[in-house]
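Student: My questions are about this predicted structure, shown below with the sequence.
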Amino acid sequence: MARVSLREQLRRATRRYRKHRTGEHLRWLLNAKARLGIWDSRFCEYYHVPPHVNKATRHFIMRGYLAGLVPTATTNGDHARGSYHYKHQAADMGSRTGGDRARKERFQLREFHAWQRGKRGNMIELIGPNDYACVLASRHTPVAHGSDLERAHENHTHGAFR
């Protein structure tokens, strides 16, 4: 059986979604777009977060979406003073149900390892459920267990990008 190209997968997902406007078909469509790196503001619809973030943060959101996560905050929400969220440079990725710590941690670790290999040179911050795989001020900085910063990021993975 021949492999179907990503473009063809996108065409098929688009046709299915136009025919059957269900949440499942929308997820198929958004997954196809994310694989191709095509931004769609509907990535941000689950928790109604503002989609207006920089390009690198949009790519973080798409990678998180492919990992089964959704953005829980961009420029909205209550964040620390001076947060990159207010500069349209950060997003928080969580799960649809609020649980699933393992999925958030796997996503954080993939992002961290990509940063270590030089594939996320524009990463400023990465904080999440894994206290060791954190980046602050573009440097590997493990977060102290039990600290305010660690407790604030137990339920999501935060990423900020230039």
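Tutor: Great, that's in hand.
Student: residue contacts, D100?
Tutor: By C-beta atoms under 8 Å, 6 or more residues apart in numbering, the contact list for D100 reads G68. C-betas here are computed from N, CA, C, even on glycine.
Student: pLDDT score for it?
Tutor: Model confidence at D100, expressed as pLDDT, equals 88.
Student: Flag the shaky bits of this structure, pLDDT-wise.
Tutor: Residues of the chain meeting the criterion pLDDT under 70: 1.
Student: rerun that using 90 as the cut-off
Tutor: 1-4, 77-78, 80, 96-100 (pLDDT under 90).
Student: ok, which stretches of it are strands?
Tutor: Under the criterion DSSP state E, the chain contains strands at 70-73, 90-94, 123-127, 135-136, 139-140, 157-161.
Student: Serialize these to JSON lines and add fields for distance to I38.
Tutor: Shown next, in JSON lines, are the strands of the chain (distance: least, C-beta to C-beta, whole Å):
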{"stretch": "strand 70-73", "distance to I38": "16"}
{"stretch": "strand 90-94", "distance to I38": "17"}
{"stretch": "strand 123-127", "distance to I38": "22"}
{"stretch": "strand 135-136", "distance to I38": "26"}
{"stretch": "strand 139-140", "distance to I38": "31"}
{"stretch": "strand 157-161", "distance to I38": "18"}
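Student: H59 is nearest to which of those strands?
Tutor: strand 157-161 (8.0 Å; C-beta to C-beta).
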